[in-house]
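Enquirer: sequence and predicted structure below; questions after.
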Amino acid sequence: MKVLFAVLAYLVGAIPTGYLLFKLSEEKDIREFGSRNTGATNVMRLKGWKYAVPVAVFDVLKGFLPAFLAVKLFRDPRLALMASFLAVLGHCFPVYIRFRGGKGVAATIGAFAAVAFRPFLLSAGVFVLIVVLSRYVSLGSIIATLSFPVWVVLFHGKPMTAVWGIAIASLVILKHSGNIRRLLKGRERKFGERVS
């Protein structure tokens, strides 16, 4: 049953929310426009807040619910870590659309919030600070995700959770490799910039 739950976490995490919404409204593949990924940030640039908010909410829930339900249904913190990681993995590499998905940030937010709420709040504060100062969502996402394992070590005291946080941070950074290159070259789009 736990194995089935973990597989379902991946399959639900792999539901390409932004791709489906854009396909329904524009009859086009969102991965051919803007930053070429399926996440809420790209949806916002292309379609605005009206479309981006439901995408973000659903994607956050994809990361939150596997961890939350694993504890509620199975009383198994390890399953919560595994299932939420698989949900983020599914968001990044969705089987339904040839493994080209989002960058995992929204699903990571949900997973972090479900597993370690205080470290999540501190990471969220880091994200807001970096975005306000730089207007780069990608930079804020990278630094905030990297800060999470640090907050876990300092305030949560669970080494396994810290290792899990490092694994998810590594996945998010991998998906942001293009953003990192653009940041270094000064070509990254800033928050609020729309794409025609």
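Expert: Structure's in. What do you need?
Enquirer: quick one: low-confidence parts of the protein?
Expert: Applying pLDDT under 70 to the chain picks out residues 192-196.
Enquirer: so where do the helices sit in it?
Expert: Using DSSP state H, the helices of the chain run over 2-13, 17-26, 40-47, 49-74, 77-92, 105-115, 117-134, 137-151, 159-175, 177-185.
Enquirer: got JSON lines for these, with mean neighbour count and distance to F191 too?
Expert: Placement of C-beta: from N, CA and C, glycine included. Formatted as JSON lines, these follow (neighbours: other Cβ atoms under 10 Å; distance: least, Cβ to Cβ, whole Å):
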{"stretch": "helix 2-13", "mean neighbour count": "17", "distance to F191": "25"}
{"stretch": "helix 17-26", "mean neighbour count": "19", "distance to F191": "17"}
{"stretch": "helix 40-47", "mean neighbour count": "24", "distance to F191": "8"}
{"stretch": "helix 49-74", "mean neighbour count": "19", "distance to F191": "12"}
{"stretch": "helix 77-92", "mean neighbour count": "24", "distance to F191": "21"}
{"stretch": "helix 105-115", "mean neighbour count": "27", "distance to F191": "13"}
{"stretch": "helix 117-134", "mean neighbour count": "17", "distance to F191": "6"}
{"stretch": "helix 137-151", "mean neighbour count": "23", "distance to F191": "5"}
{"stretch": "helix 159-175", "mean neighbour count": "19", "distance to F191": "18"}
{"stretch": "helix 177-185", "mean neighbour count": "13", "distance to F191": "13"}
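Enquirer: need those in JSON lines (columns: distance to F99).
Expert: Listed next are the helices of the chain as JSON lines, based on distance: least, Cβ to Cβ, whole Å:
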{"stretch": "helix 2-13", "distance to F99": "12"}
{"stretch": "helix 17-26", "distance to F99": "12"}
{"stretch": "helix 40-47", "distance to F99": "17"}
{"stretch": "helix 49-74", "distance to F99": "16"}
{"stretch": "helix 77-92", "distance to F99": "8"}
{"stretch": "helix 105-115", "distance to F99": "15"}
{"stretch": "helix 117-134", "distance to F99": "26"}
{"stretch": "helix 137-151", "distance to F99": "20"}
{"stretch": "helix 159-175", "distance to F99": "12"}
{"stretch": "helix 177-185", "distance to F99": "16"}
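Enquirer: nearest to F33, out of these?
Expert: helix 40-47 (5.7 Å; Cβ to Cβ).
Enquirer: what helices or strands is the closest one leaning on?
Expert: Packing partners of helix 40-47 (3 or more Cβ pairs under 8 Å, 6 or more residues apart in numbering; DSSP states H and E): helix 17-26, helix 49-74.
Enquirer: 10 Å - rerun?
Expert: Secondary-structure packing of helix 40-47 (3 or more Cβ pairs under 10 Å, 6 or more residues apart in numbering; DSSP states H and E): helix 17-26, helix 49-74, helix 105-115, helix 137-151.
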